[in-house]
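> sequence isn't available, so here's the structure alone:
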């Protein structure tokens, strides 16, 4: 009888001491249970990869002031100081209505173009279940502001307008590398030459590779459709460097596109890299929180 | 026979104590970086906490992405440049509570010794706080400081006037019996 009791005691002690140990070890298991999918953020640093839209929008209540410069042709040489004498400018304001919806206005010296735009990141890339890519829609209306030429052709206000709609499909593959595929539709109410189509489209790709926490290399390429494209027009290729310093993002780049709004660089790029038709440019992004929301 | 009874009583005690776990998934953790130029505040209401009364172990964990700032850009910089939240998505603290009398009513000052892990660096810390018995649960509160340098969080020279080297952290959890 005594022996049985002892044995029983041992067994019971064993059982409960083991359960006691288990009680300590699984303390952190409680935390494991709440691992839901999380949003993947910051695929790109600024609202533009170089020329084209990235999936990033101004945060809620944020006003982003973008000053972009695009100088003249590098191949112009010393006389124009490799293009620095001939700067074009685009000034834009982007405002975040929510963290995912942004409206903007901008004015470019190129064609004295005024634009209004809307950007909506309607699907986020998720980690741990959910969408593998983010989807961002961008639409822009552009108004050409040049004085009408006296060539006998009757033009109305509506003929100054052009439109671009695009979808930015982005995946951030790693903290360093993000890739975007960007199909675009361009519509011009009036084209500058009779044999040009009113509607063209482009298929673009863009990437970012982070060199460190403050700098990244960016690039983008847009393939113009339908083929064959017209004489004198080319695909847009741009390479750049993003530098972040606190509240500013500086973007330096070299591109064969001179205009800094969508119609111009997607559909009306006249130069080629191999001919030295390259333009140096930079964007400065400065963020102001105009409405504190959280 | 006496022995057997003792054992049974002991077992009963162990199991009942074993059940004494207090948890929450809505603990609040906020922090403040104070410099003459700028005060930066952020708060998370999505921290998890668990207290095991039997072992006296207390643990917290918070997703870095759940900290929200008044300005979206601050939040981006916090995640991208300082905490590198994609690589180190969580901060945690796990330690043993000392100086707690589980049956005492009212506020008790306790100290918890354990490991504070954030930004991939674990630091042995003793953190003082208070625990109050609250019906079926516990309210845990603490204030402590974290030096960025201790966790390899690099503050570049250009922003040293805007971001403090030592960040004040405030924590509050209302733990309920699981």
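Yep, that arrived. Because the structure is predicted, anything quoted here is derived from the model rather than measured.
> so residue B:158 belongs to a strand, correct?
No: judged by DSSP: H, G, I helix; E, B strand; the rest coil, residue B:158 forms no part of a strand; its state is helix.
> neighbours of it, how many?
Counted with other CB atoms under 10 Å in any protein chain shown, residues neighbouring residue B:158 total 10. Just so you know, the C-beta spots here come from the backbone N, C-alpha and C atoms, and that holds for glycine as well.
> confirm residue B:76 sits in a strand?
No: secondary structure of residue B:76 (three-state DSSP): helix, not part of a strand.
> what about it, how many neighbours?
For residue B:76, the tally of surrounding residues (other CB under 10 Å) stands at 18.
> quick one, grab the pLDDT at it.
Reported pLDDT at residue B:76 in the predicted model: 88.
> distance of the nearest residue to it once chain neighbours are set aside from residue A:283?
Computed as CB to CB, 6 or more residues apart in numbering or on different chains, the closest residue to residue B:76 that is not its neighbour in sequence is residue A:42, at 6.0 Å. Residue A:42 is 17 Å from residue A:283, where distance means CB to CB, to the nearest Å.
> which one's more surrounded, the two?
Just comparing residue A:42 and residue A:283: by other CB under 10 Å the higher neighbour count belongs to residue A:283, 24 against 20.
> who does that one bridge with?
With DSSP bridges applied, residue A:283 shows beta-bridge pairing to residue A:68, residue A:251.
> run through the residues that contact it.
Each residue near residue A:283 by CB atoms under 8 Å, 6 or more residues apart in numbering or on different chains is listed here: A:46, A:48, A:66-69, A:249-251, A:253.
> residue A:278 now?
Contact criterion CB under 8 Å, 6+ apart gives A:73-75, A:254-256, A:271 as the residues in contact with residue A:278.
> restricted to helices, list those residues.
Counted as lying in helices by DSSP state H, out of these, is not a single one.
> what about the strands in the stretch 151-294 of chain A?
In order along the chain, the stretch 151-294 of chain A carries the following strands (DSSP state E, counting those that start in this stretch): A:161-172, A:177-188, A:199-210, A:215-225, A:236-245, A:248-255, A:279-289.
> cool, chain B as well?
Per DSSP state E, chain B has strands spanning B:21-34, B:39-52, B:57-63, B:90-98, B:107-118, B:121-134, B:137-147, B:166-177. These are given in chain order.
> tell me, how many residues neighbour residue A:135?
Counted with other CB under 10 Å, residues neighbouring residue A:135 total 16.
> what bridges to residue A:220?
Counting by DSSP bridges, residue A:220 is bridged to residue A:206, residue A:238.
> re the thing from before, for the strands of the stretch 151-294 of chain A, which one sits closest to residue A:151?
Distance to residue A:151, taken as CB to CB, is lowest for strand A:177-188 among these, at 17.6 Å.
> packing partners of the closest one?
Strand A:177-188 sits against strand A:161-172, strand A:199-210, strand A:215-225, helix A:262-267, with contacts defined as 3 or more CB pairs under 8 Å, 6 or more residues apart in numbering or on different chains; DSSP states H and E.
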